[in-house]
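Chemist: Give the three-dimensional model of this entry:
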Amino acid sequence: MPPPAPSTEKTARQAAAVPGPAAIVARCRAPLLWVAGFSLLVNLLMLTSSLYMMQVYDRVLPSGSLSTLLFLSLIAAGALALLGALDYLRVRTLGVLGDWMERRLGPPMLERMVDGALLGQGQRAEILRDLGTVRGVLGNGLTFLFDAPWVPVYLALLYALHPVLGHVAMASALLLFALALINDRVTRASLGEAAAASTRALATAETAMRNAEAVDAMHLLPGLTRRWERDHARALDLQERAHRRGTALLNLTKFLRQMVQVAMLGAGAWLVVRHEMGAGSMMAASLVVGRALAPVEQAIGGWRQVSAGRDAWRRLTAFFARPMRRSAGLPLPSPAGRLTVQTVAFRIGDRGRPLLNNVSFEARAGEALAIVGPSAAGKSTLARLLVGLHPPLGGAVRLDGADLFQWRRDDVGRHIGYLPQDVELFAGTVAENIARLGEPAPEAVVEAARLADCHAMILRLPNGYDTEVGDGGAFLSGGQRQRIALARALYGAPKLVVLDEPNASLDAEGEQALNRAIAALKERGACVIVIGHRPGTLAQVDRMVALRDGRVEAFGPRAEVLEALKRRTLQSVPGGAVPGGAAPARGAQAGAAHSPGGQPFMVQAPTLQMGE
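Modeler: Got it, this is the predicted structure:
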């Protein structure tokens, strides 16, 4: 029973709604304007304490009016309460905005990471950390940027109180701003190198964990540890250097900040003594200069975070600027399962030897076709092209006449079953893996398991279909992983099923179950492509394609291809005789069927008997 397919309107809407950094910035303008408005009110209300002190010194104390004091205190309390509420709204708006940005950019970023991995770009998960860095800066490190434009306003207010106070504040602000630039200059290079070294160390650790069996069996850990220690120590040294310099500048900034307060009080007292201003203005000026210099001081402490966020955003923008391999197309009707391979050529890179050259054949719905050949013949490469993982260098792979690579993955993926040569399961339950990490449809999951003949095996697991398989299927044997991956390939009644070495980890019982699954798929009208060497793989196939050096050596009914390969193998043996006079299979090319090492392939007696 196939799971419910997504509606055409929904998939089209999802394809059209893939955001990028530029679109995200455009969507953020309105909330950022609100934050700017909150900052306007916050910075105006920051003057509450200064104005309150001026009024107390200049009005209440000379007049002794307690009612005026009460009235001023109530106004100040209300203003401070409003200040707290607006500041909370400002911080929360930025936090929610950062959360929203990460949620919107995360899924298309993961899609592009997978797309880059298929291109061999090796993009690891650190780009996701860049997204987290941007979110952190937006949520916690941007408030001083909204307060910085108010520094000139506070300086103008100090000039209004007295030019001497304005001069002292202006000199202090310029000095602190220069320290902020110096802090960025002396720490940026070290932090950038530290991030690169930390990435290399993390990659080494990931490699060690991914290949834990080989690392432990051949005692590769000392070499990996030396690599990790070298890069990790480099990262720590650079981080410590940047921290040491940054801390020194920050302490110098704090010293200057306190000296500014002293200088302002001293200059104010001198002006009061000279009767050029009142005591209230002196105290208010001390508070105003503190508020004027606060964004500059915050910039010195938070500039490292902002600089990291800027670099992360630059990397994100460059990452999203890479063109996707596939263009977004319209959803197509469900295929019937007719596969056509037309003069396909493929190679990796621009200068490599072609892995496939002028490969052509077809497979019909309800038919099983085998692809055989020696090692390095191009079988697994062809399998990847048959499920649309890569575009051919020349020619086309079509499913029901549509180019399989250009077909949208969210539309055609449910019609394709693929069992790769290297089976990989994902952390989660057996049911979730069979259901392709979607919401498991119980009937469809059980039906796929029965079709793969692993239902009884799954029931013997500790929690049946709810058994956790571990990362990569670590809690299962190789045969169990193979059969569960086969059930995943058969989930949802796919129309095209490609099985690359499906019996690599199967015993005799598993091979029999595989043949029953292939027969059932044929009865359902699916097109089945089986790649393998072992005779048990070929029991249910109708036609065969023999590859050698990336070319089709023979194509036709199974018996004819096997007989042609047998004849050519015997011809290649010195003194060998050719029994009978069977005609070669259709599409066969001249030449003996030898592996690159000189050994003929498909010569075992059981293999040849299958074609008789």
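
Chemist: Excluding chain neighbours, what is closest to residue 429?
Modeler: Among residues not flanking residue 429 along the chain, residue 466 sits closest, at 5.1 Å (Cβ to Cβ, 6 or more residues apart in numbering). Where you see a C-beta, it was placed from the backbone N, CA and C, and this is true even at glycine.

Chemist: List the residues that contact the one you found.
Modeler: The contact partners of residue 466, by Cβ atoms under 8 Å, 6 or more residues apart in numbering, come to 429, 430, 431.

Chemist: got it, and residue 176?
Modeler: Neighbour list for residue 176: 253, 256, 257, 293, 296, 297, 300 [criterion: Cβ under 8 Å, 6+ apart].

Chemist: if you set the cut-off to 10 Å instead, what comes out?
Modeler: The contact partners of residue 176, by Cβ atoms under 10 Å, 6 or more residues apart in numbering, come to 252, 253, 256, 257, 260, 293, 295, 296, 297, 299, 300.

Chemist: From residue 312, how far out is residue 243?
Modeler: Per Cβ to Cβ, to the nearest Å, residue 243 is found 19 Å from residue 312.

Chemist: These two: who's more crowded?
Modeler: Taking residue 243 and residue 312 together and counting by other Cβ atoms under 10 Å, residue 312 has the greater number of neighbours (22 against 15).

Chemist: Next up, the contacts around that one.
Modeler: Residue 312 makes contact with 126, 127, 129, 130, 131, 132, 133, 134, 135, 136, 137, 195, according to Cβ under 10 Å, 6+ apart.

Chemist: Now, these that are in helices?
Modeler: Counting by DSSP state H, these place 126, 127, 129, 130, 131, 132, 133, 134, 135, 136, 137, 195 in helices.

Chemist: Any stretches of this structure with poor pLDDT?
Modeler: Low-confidence segments of the chain, defined by pLDDT under 70: 1-20, 119-126, 140-141, 299-304, 327-330, 349-352, 505, 533-537, 571-612.

Chemist: In it, which residue sits furthest out from the middle?
Modeler: Residue farthest from the centre of the chain, counting by Cα atoms, centre = their mean, is residue 63 at 68.8 Å.

Chemist: for that residue, what are its contacts?
Modeler: residue 69.

Chemist: From residue 28, how far out is it?
Modeler: Using Cβ to Cβ, residue 63 is found at 51 Å from residue 28.

Chemist: Please enumerate the strands of the stretch 201-350 of the chain.
Modeler: 339-346 (DSSP state E, counting those that start in this stretch).

Chemist: likewise the stretch 451-600 of the chain?
Modeler: Ranges of strands in the stretch 451-600 of the chain, per DSSP E, counting those that start in this stretch, are 496-500, 527-531, 543-548, 551-557.

Chemist: For those, give me TSV that also has mean neighbour count and distance to residue 442.
Modeler: Output for those, formatted as TSV (neighbours: other Cβ atoms under 10 Å; distance: least, Cβ to Cβ, whole Å):
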stretch	mean neighbour count	distance to residue 442
strand 496-500	26	22
strand 527-531	26	25
strand 543-548	24	36
strand 551-557	21	40
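
Chemist: Mind putting the ones you listed into TSV with distance to residue 85?
Modeler: Compiled in TSV, the strands of the stretch 451-600 of the chain are given as follows (distance: least, Cβ to Cβ, whole Å):
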stretch	distance to residue 85
strand 496-500	60
strand 527-531	65
strand 543-548	72
strand 551-557	75
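
Chemist: number of nearby residues for residue 401?
Modeler: When neighbours are counted by other Cβ under 10 Å, residue 401 comes out with 10.

Chemist: That one: what's it in contact with?
Modeler: 332, 335, 338, 340.

Chemist: Which PyMOL command selects the buried ones in the residues you listed?
Modeler: To isolate the buried members of the contacts of residue 401 in PyMOL, using 16 or more other Cβ atoms under 10 Å:
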select buried, resi 332+335+338+340
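
Chemist: Next one: the residue nearest in space to the middle of the chain relative to residue 356, how far apart?
Modeler: For the chain, residue 110 is the residue whose C-alpha lies nearest the centre (Cα atoms, centre = their mean; 3.1 Å). As defined by Cβ to Cβ, residue 110 lies at a distance of 30 Å from residue 356.

Chemist: quick revisit: residue 238: which of the strands of the stretch 451-600 of the chain is closest?
Modeler: For the strands of the stretch 451-600 of the chain, the distance to residue 238 is smallest for strand 496-500, at 44.8 Å, taking Cβ to Cβ.

Chemist: The contacts of residue 176: which two are farthest apart?
Modeler: The span of those, defined through Cβ to Cβ, is set by 252 and 295 at 17.8 Å.

Chemist: Comparing the two, which residue is more hemmed in?
Modeler: residue 295 (24 against 16).

Chemist: Spell out, range by range, the helices that occur in the stretch 451-600 of the chain.
Modeler: All helices of the stretch 451-600 of the chain, identified by DSSP state H, counting those that start in this stretch, fall at 455-459, 478-490, 508-523, 558-572.

Chemist: among those helices, which is the most enclosed?
Modeler: Mean neighbour count (mean count of other Cβ atoms under 10 Å) peaks for helix 478-490 among these, with a mean of 24.

Chemist: Narrow the contacts of residue 312 to those that are buried.
Modeler: Buried residues within those, counting neighbours by 16+ other Cβ under 10 Å: 127, 130, 131, 133, 134, 135, 136, 137, 195.

Chemist: Among these, list the two that are farthest apart in space.
Modeler: 135 and 195 (17.2 Å).

Chemist: Look up how far residue 305 lies from residue 311.
Modeler: 11 Å.

Chemist: With residue 256 instead?
Modeler: Distance, residue 256 to residue 305, by Cβ to Cβ: 22 Å.

Chemist: Could you do residue 115 as well?
Modeler: Counting by Cβ to Cβ, the gap from residue 115 to residue 305 is 30 Å.

Chemist: And for residue 296?
Modeler: Using Cβ to Cβ, residue 296 is found at 16 Å from residue 305.

Chemist: More neighbours: which of those two?
Modeler: residue 296 (23 against 15).

Chemist: before we move on, back to that, wait, what's in contact with the closest residue to the residue nearest to the centre of the chain other than its chain neighbours?
Modeler: Nearest non-adjacent residue to residue 110, counting by Cβ to Cβ, 6+ apart: residue 128, 7.7 Å away. Residue 128 makes contacts with 102, 105, 106, 109, 110, 113, as judged by Cβ under 10 Å, 6+ apart.

Chemist: For ChimeraX, write the select line for the buried members of those.
Modeler: In ChimeraX, a selection of the buried entries from those looks like this (16+ other Cβ under 10 Å):
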select :102,105,109,113
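
Chemist: Pick the one among the contacts of residue 128 closest to residue 211.
Modeler: For the contacts of residue 128, the closest approach to residue 211 (Cβ to Cβ) belongs to residue 113, at 20.9 Å.

Chemist: Check which helix or strand the closest one maps to.
Modeler: Using DSSP states H and E, residue 113 sits within helix 66-118.

Chemist: Show me what that helix is packed against.
Modeler: helix 21-45, helix 48-55, helix 126-140, helix 143-147, helix 279-321, helix 409-412 (3 or more Cβ pairs under 10 Å, 6 or more residues apart in numbering; DSSP states H and E).

Chemist: Can you name every helix or strand that the helix or strand following the last one contacts?
Modeler: Going down the chain from helix 409-412, the next helix or strand is strand 416-419, by DSSP H and E. Under the contact definition 3+ Cβ pairs under 10 Å, 6+ apart, strand 416-419 sits against helix 379-386, helix 478-490, strand 496-500, strand 527-531.

Chemist: what's the domain layout of this protein?
Modeler: Using automatic domain parsing, the domain parsing of the chain gives 19-321, 339-610.

Chemist: most neighbours per residue, which of those domains?
Modeler: Across those, averaging neighbours per residue (mean count of other Cβ under 10 Å) puts domain 339-610 on top, at a mean of 19.
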